[in-house]
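> model the following, please.
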Amino acid sequence: MIWYVSAKQGNDADDGQSLATAFKSISRAVEAATPGDTILIVPGAYDQDLPARVGAARAANIVVAVAGS
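Numbering: from 1, shown residues only. I've put the predicted structure just below:
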């Protein structure tokens, strides 16, 4: 499963399963993801502790990538 995160256009009440329904926060994507999933982050300004959130996801065997890279 691929989970999408967009600081500008996302909404944590959405399902996170496409760019059109992306989550707003990385923490919400980490909650939804399971080992083997991918979190795809749209470049932008995030208010969260991004390195800690990415580290937690990777420790749970969740791939984290930046959209367009």
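> show me the contacts for Ser6.
By CB atoms under 8 Å, 6 or more residues apart in numbering, the contact set of Ser6 is 19, 22-24, 42, 44. Placement of C-beta: from N, CA and C, glycine included.
> sec struct for Val54, please.
helix (DSSP: H, G, I helix; E, B strand; the rest coil).
> my guess is it contacts Ile62, does it?
No: using CB atoms under 8 Å, Val54 is not in contact with Ile62, being 9.3 Å away.
> ok, the two, which is more surrounded?
Ile62 (21 against 17; other CB atoms under 10 Å).
> so how far is Ala45 from that one?
22 Å (CB to CB, to the nearest Å).
> could you do Val63 as well?
22 Å.
> neighbour count winner among those two?
Using other CB under 10 Å, the more surrounded residue of Val63 and Ala45 is Val63, with 14 against 7.
> show me what the more buried one is bridged to.
Judged by DSSP bridges, the bridge partners of Val63 are Thr38.
> and it, how close does it get to Met1?
11 Å.
> all helices of the chain, in order?
In the chain, helices defined by DSSP state H lie at 26-32, 50-59, listed in chain order.
> what does the helix or strand of the chain with the lowest mean pLDDT rub up against?
None of the helices or strands of the chain scores lower by mean pLDDT, DSSP states H and E than helix 50-59, at a mean of 89. Taking CB under 8 Å, 6+ apart as the criterion, the residues outside helix 50-59 that touch it are 26-27, 29-30, 33, 39, 64.
> one more time with 7 Å
Residues from elsewhere that reach helix 50-59 (CB atoms under 7 Å, 6 or more residues apart in numbering): 26-27, 30, 33, 39, 64.
> now that helix: buried residues?
By neighbour count on 16 or more other CB atoms under 10 Å, the buried set for helix 50-59 is 53-54, 57.
> between those residues, which is nearest Gly10?
Nearest to Gly10 out of the buried residues of helix 50-59 is Arg53 (CB to CB; 14.1 Å).
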